[in-house]
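sequence plus predicted model, see below.
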Amino acid sequence: EAQVTQNPRYLITVTGKKLTVTCSQNMNHEYMSWYRQDPGLGLRQIYYSMNVEVTDKGDVPEGYKVSRKEKRNFPLILESPSPNQTSLYFCASTPSVTSLGTDTQYFGPGTRLTVL
Amino acid sequence: LAKTTQPISMDSYEGQEVNITCSHNNIATNDYITWYQQFPSQGPRFIIQGYKTKVTNEVASLFIPADRKSSTLSLPRVSLSDTAVYYCLYNQGGKLIFGQGTELSVKP
């Protein structure tokens, strides 16, 4: 089954404790992206990657890191989480950057992160 | 960084045409305008994208005037299942800049 998986689905942590949210897709997609969603602010892109070893900042990259060592995986790293990073996070993929204009992205189920 | 601006919410009735307008005064030459739909507890899904003039697909139409400072998403004959949040966004070659979204409520 074609899918994007994220782990964990729920996480409660404390300020400053490094964490990683994993994202994996099994569709051989080149383009992957991370988003956060907050009430009243809507959806915002954090980082995106157009292919292996190619990552770029999205709209709100501060406080986050990513890596793309393999095509299928695109982990999101919070080196020192803070309460303002409490949010719902989505990972997504699509065949290529060109397909952003024609097809929907495949989204993961979301990770609800709470930073105390 | 300039973002798109759209109404926070809209109400409609089944069978009506709904038009949601988005303002993007600072759109750059290479930016495309894209619209997404999102249902609660789900990731958003692509509706339509355009650069200028009119684009139509099986779901919606998108109107972008010559100055490209705004765009209008048109949903023909909405149904209850069209109740969702609709996002207008810039596509800057892979970097996506979302607006706050318009919460559309379709009533019977």
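That came through, no problem. Residues are numbered from 1 along each chain as shown, chains lettered A, B, ... in the order given.

switch to C-alpha atoms for all contacts and neighbour counts from now on
Noted.

quick one: the one residue in chain A that gets nearest to chain B and residue B:64, what's the gap?
At 4.3 Å from chain B, residue A:104 is the closest residue in chain A, using CA to the nearest CA. Applying CA to CA, to the nearest Å, the value for residue A:104 to residue B:64 is 21 Å.

now swap in residue B:17 and tell me
18 Å.

neighbour-wise, which of those two wins?
Taking other CA atoms under 10 Å in any protein chain shown, residue B:17 and residue B:64 do not tie; residue B:64 has more neighbours (20 against 13).

wait, doesn't the more buried one sit right on residue B:70?
Yes: in this structure residue B:64 lies within contact range of residue B:70 using CA atoms under 8 Å: 6.4 Å.

next secondary structure element downstream of the helix or strand of chain A with the lowest mean pLDDT?
In chain A, no helix or strand scores lower on mean pLDDT, DSSP states H and E than strand A:106-107, which sits at a mean of 92. For strand A:106-107, the succeeding helix or strand toward the C-terminus, using DSSP states H and E, is strand A:111-115.

tell me the strands beside that following strand, with direction?
When pairing is defined by DSSP bridges, strand A:111-115 lines up against strand A:10-13 (parallel), strand A:87-94 (antiparallel).

then that strand to CSV, C-alphas only?
Provided in CSV are the C-alpha atoms of strand A:111-115 (Å, rounded to 0.1, in the frame of the first residue of the first chain):
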residue,chain,number,x,y,z
THR,A,111,2.4,13.8,14.8
ARG,A,112,0.9,15.7,17.7
LEU,A,113,3.8,17.2,19.7
THR,A,114,3.5,18.8,23.1
VAL,A,115,6.6,20.5,24.6
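
figure out which of the strands paired with strand A:111-115 is closest to residue B:108.
Closest approach to residue B:108 among the strands paired with strand A:111-115 is made by strand A:87-94 (31.2 Å; CA to CA).

what residues does chain A have near chain B?
Proximity of chain A to chain B is confined to A:40-45, A:48, A:50, A:57-59, A:90, A:97, A:100-105, A:107-110 under the rule CA under 8 Å from any CA of the partner chain.

6 Å instead?
Residues of chain A lying near chain B by CA under 6 Å from any CA of the partner chain: A:41-42, A:58, A:97, A:101, A:104, A:107.

these into JSON lines, with extra columns for neighbour count and secondary structure?
Output for the residues of chain A next to chain B, formatted as JSON lines (neighbours: other CA atoms under 10 Å in any protein chain shown; DSSP: H, G, I helix; E, B strand; the rest coil):
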{"residue": "A:41", "neighbour count": "12", "secondary structure": "coil"}
{"residue": "A:42", "neighbour count": "15", "secondary structure": "strand"}
{"residue": "A:58", "neighbour count": "20", "secondary structure": "coil"}
{"residue": "A:97", "neighbour count": "21", "secondary structure": "coil"}
{"residue": "A:101", "neighbour count": "21", "secondary structure": "helix"}
{"residue": "A:104", "neighbour count": "19", "secondary structure": "coil"}
{"residue": "A:107", "neighbour count": "24", "secondary structure": "strand"}
